[in-house]
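Enquirer: Here is a sequence with its predicted model. Questions after.
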Amino acid sequence: MSEVVAWDDDGTPRSPRFDDIYRSAAGGLAQAQHVFLQGCGLPATWAGLEQWRVLEAGFGLGLNFLAAWHAWRTDPARPRLLHFTSIEAWPVAADDLLRSVAGYPALQPLAEALAAQWQGLTPGFHRLAFEDGQVLLTLCVGEVAPMLRELDFRADAVFLDGFDPTRNPQMWDLATLKAVTRLAQRGARLATWTVSGQVRRDLRTCGWQVEKLPGLPPKRECLAARFDPAWEPKGLAAGPAVEPADAIVIGAGLAGAATAASIARRGWSVRVLDAARTPASGASALPAGLLAPHQSPDDNLLSRLSRAGVRITLREAQQRLAQGLEWDRTGVLEWRGADRRPPPPGDAFAPWTREATPVQREVAGTAASDAAWWHANAAWIEPAALVRSWLREPGVRFEGGRTVSRIARPGERWVVEDGSGSPLGEARIVVVAAALGSAALLDGRVSLHPVRGQVSWAPLGDDADRLPPFPVNGHGHFLPRVPLVERGAWITGSTYGRGDADPGLRSQDDALNLQRVAEVLPGAARAMRAAAERGQVRSWSGVRCTSSDRRPLVGEVAPGLWLSTAMGSRGLTFAALCAELLAARLHGEPLPLEARLAEALDLRRQAPARSG
């Protein structure tokens, strides 16, 4: 159910209440199975396919999604991936999802898994993943018309749900049905419970072959349709489906490992080549990094992109890493200084960003006069642990000590060569994720810039009680407790040296890192200076790469040649998101982002140029 779900006596829309929605979902699982799954010929029509893509207008209580998921997991002939994309203007509460399946034991564990990810549903797209990434729900929060414009894929099945056309006409009008049809491939199935004459006529106008089927009592009939217009639809042409084959990924840092894992989950056999003997030997060797949303008061482009990335990486860390050893979901306090602008309002933003409480500011050790925000969805992560986990994905093989100097396509397949011109391998596709080295491999078709960063750290001492109980950022990052040594350690930084490609350690950078902490956390700084006086402060530095606008570059350089790089200092935020975006483009899947946000990461925004 989407759009307006209830009306006041004067005819104006109001937000939904659970009882309104629950009454409209009468029939529950039986309706989902009879009207929508059977109406689209499921599960028979997806048998043996690589993927199946459902578009739904009206998520409501999620029963259609849960029914489709249940049918997928119990079908031995199921597709490798089930994509379910649904639009919902008024997401219900997580408890309502659980309440709706109280009478359906088979759906209860699925609803619990859904409810566990059901938070922070701000306007826009949210990618939720289940079954080790083989069931992907893209929840589009917003009114149906603008959300349909942001979608860019071809659906195999369409579920038209929602309230009666007389109560919610914009959900069923011709413009909406045309927008839905734009996303349907020829032969797609459509199902809905309404048999409204106007809806049937409009569907036929859009090229759907419509038939009435027996309904689920007390309804006598329901509707099924197949998209088979007598004309060639404009804008429908899409490239042929890419069947999984073999791939080479160049680079075994966060970007390359995430990409390898994403396409391997889709059936590819992936070799990951890196000049270093071990993975995560470049900037991804950072001892520990902070994963946190970048929130602005006006919820700008970077804010929306970072939330999407943080959501995906948090889920990957939770599924793959050892909590307390390789990562920990701690939350983070963001120091704002004199900037007292509030974060975006509303309950949906609260799990992401809200004003820090006085107690949080006090225990952190910031000045009472300073402003601060609290980000609950934040964590410290050991990047190399995440890289190693991605490289263990079935179908991925890491090969160190392989320096790629040239990429060529003498025939139907791409070939990678070393400095002497000897082939290192060939594959159907090649993904370049070699950080700064990507520019040379692509003969200057992208422009990349070095950014040097140095962090400082030391073992925890007897004065560790002076440190805050959670990470603090906003003027550099300060992580008070990470397991770098036997007793744990604090780590702070990093510096940000634009145009600097020298990875050598510098004592002045350690001093700068400690000074920045002192300006925000004077109590913590005293403990850090004591460690420096004892000669315990250690350093790590690495060189990251960025684009001119400091956003990642993702996309297809030439047929079969792809790029994912320029993560800058936000590799933990963007690597997994960019990997899923690349995989979606490669396979014609629903994107994990709104189309306009995906364009902000697309390499085509950058004019070809030599790296500098």
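Expert: Received the coordinates, thanks. Numbering: from 1, shown residues only.
Enquirer: and residue 359, how many residues sit next to it?
Expert: Look at residue 359: counted by other CB atoms under 10 Å, it has 8 neighbours. In this view, the C-beta of every residue, glycine as well, is placed from N, C-alpha and C.
Enquirer: pLDDT at it, what is it?
Expert: pLDDT recorded at residue 359 is 96.
Enquirer: May I see the buried residues of the host helix or strand of it?
Expert: Using DSSP states H and E, residue 359 maps to helix 358-364. Buried residues in helix 358-364, counting neighbours by 16 or more other CB atoms under 10 Å, are found at 360, 361, 364.
Enquirer: which element follows it toward the C-terminus?
Expert: Next element after helix 358-364 (DSSP H and E): strand 371-375.
Enquirer: measure residue 242 to residue 325 for me?
Expert: 38 Å (CB to CB, to the nearest Å).
Enquirer: So for these two, which sits in the more crowded spot?
Expert: Using other CB under 10 Å as the criterion, residue 242 and residue 325 rank with residue 242 on top: 17 against 11.
Enquirer: correct me, but that one touches residue 586?
Expert: Yes: contact criterion CB atoms under 8 Å: residue 242 and residue 586 qualify, at 5.7 Å.
Enquirer: Name the SS class of residue 29, please.
Expert: helix (DSSP: H, G, I helix; E, B strand; the rest coil).
Enquirer: Can we start the residue count at 11 from this point?
Expert: Let's use 11 as the start, then, which means that last one is residue 39.
Enquirer: List the contacts of it.
Expert: 73, 76, 77, 111, 114, 117 (CB atoms under 8 Å, 6 or more residues apart in numbering).
Enquirer: isn't the last one right up against residue 75?
Expert: No: with contact defined as CB under 8 Å, residue 117 does not count as touching residue 75 (10.0 Å).
Enquirer: more neighbours, the two?
Expert: residue 75 (29 against 24).
Enquirer: For the chain, give the strand that spans the most residues.
Expert: Using DSSP state E to define each element, the chain has its longest strand at strand 459-469.
Enquirer: circling back: which elements pack onto the helix holding residue 369?
Expert: strand 342-347, strand 381-385 (3 or more CB pairs under 8 Å, 6 or more residues apart in numbering; DSSP states H and E).
Enquirer: number of nearby residues for residue 103?
Expert: Going by other CB under 10 Å, the residues that sit close to residue 103 add up to 13.
Enquirer: Same check on residue 476?
Expert: Residue 476 is flanked by 17 other residues according to other CB under 10 Å.
Enquirer: I figured it hits residue 534, correct?
Expert: Yes: Residue 476 lies in contact with residue 534 (CB under 8 Å); the separation is 5.9 Å.
Enquirer: can you list residues touching both of the two?
Expert: Contacts common to residue 476 and residue 534, judged by CB under 8 Å, 6+ apart, are residue 375.
Enquirer: before we move on, back to that, turn the contacts of residue 39 into JSON lines, columns for distance to residue 284.
Expert: Formatted as JSON lines, the contacts of residue 39 follow (distance: CB to CB, whole Å):
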{"residue": "73", "distance to residue 284": "46"}
{"residue": "76", "distance to residue 284": "41"}
{"residue": "77", "distance to residue 284": "44"}
{"residue": "111", "distance to residue 284": "46"}
{"residue": "114", "distance to residue 284": "48"}
{"residue": "117", "distance to residue 284": "44"}
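Enquirer: What is the most widely separated pair among those residues?
Expert: Maximum pairwise distance among the contacts of residue 39 (CB to CB): 10.1 Å, between 77 and 111.
Enquirer: Now list whatever residues contact both of the two.
Expert: 39, 117.
Enquirer: Quick check: end-to-end length of stretch 294-309?
Expert: 28 Å (CA to CA, to the nearest Å).
Enquirer: Which parts of it count as buried, going by neighbours?
Expert: By 16+ other CB under 10 Å, the buried positions in stretch 294-309 come out as 294-306, 309.
Enquirer: And for stretch 466-476?
Expert: Neighbour-count burial for stretch 466-476 [16+ other CB under 10 Å]: 466, 467, 468, 469, 470, 471, 474, 476.
Enquirer: can you check stretch 506-524 too?
Expert: Buried residues in stretch 506-524, defined by neighbour count with 16+ other CB under 10 Å: 507, 510, 519, 520, 522, 523, 524.
Enquirer: can you list the residues that contact it?
Expert: Residues beyond stretch 506-524 that count as contacts (CB under 8 Å, 6+ apart) turn out to be 446, 459-466, 486, 502-505, 535, 538-539, 542, 547, 549-553, 579.
Enquirer: Buried members of those into ChimeraX, please.
Expert: Selection of buried members from the contacts of stretch 506-524 for ChimeraX, criterion 16+ other CB under 10 Å:
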select :446,459,460,461,462,463,464,465,466,486,502,503,504,505,535,538,547,550,551,552,553,579
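Enquirer: circling back: out of the contacts of residue 39, which sit inside helices?
Expert: Under the assignment DSSP state H, the contacts of residue 39 contribute 73, 76, 77 to helices.
Enquirer: Could you list the low-confidence segments of the stretch 211-360 of the chain?
Expert: For the stretch 211-360 of the chain, applying pLDDT under 70 flags the ranges 245-251.
Enquirer: And the closest residue to residue 308 other than its chain neighbours, which helix or strand is it part of?
Expert: Nearest residue to residue 308 in three dimensions, chain neighbours excluded: residue 354, at 7.8 Å (CB to CB, 6 or more residues apart in numbering). Under the criterion DSSP H and E, no helix or strand holds residue 354.
Enquirer: ok, so what distance separates residue 354 from residue 128?
Expert: Residue 354 is 19 Å from residue 128, by CB to CB.
Enquirer: Counting neighbours, what do you get for residue 153?
Expert: By the other CB under 10 Å criterion, the neighbourhood of residue 153 contains 17 residues.
Enquirer: Please compute how far the helix or strand harbouring residue 436 lies from its chain's middle.
Expert: Assigning secondary structure by DSSP H and E places residue 436 in strand 433-437. Put simply, strand 433-437 sits 31 Å off its chain's centre (CA atoms, centre = their mean, to the nearest Å).
Enquirer: what's next to the helix holding residue 369, contact-wise?
Expert: Here helix 368-374 has contacts from 343, 366, 378, 380, 382, 384, 478, 479, 480, 482, 531, using CB under 8 Å, 6+ apart.
Enquirer: hang on, isn't the fourth one packed against residue 348?
Expert: Yes: taking CB under 8 Å as the definition, residue 380 is a contact partner of residue 348 at 7.4 Å.
Enquirer: And those two? Which one has more around it.
Expert: More crowded of residue 380 and residue 348, by other CB under 10 Å: residue 380, with 17 against 7.
Enquirer: And the residue lying closest to the more buried one once chain neighbours are set aside, how close does it get to residue 490?
Expert: Distances taken as CB to CB, 6+ apart place residue 347 nearest to residue 380, at 5.6 Å, with adjacent residues excluded. Counting by CB to CB, the gap from residue 347 to residue 490 is 20 Å.
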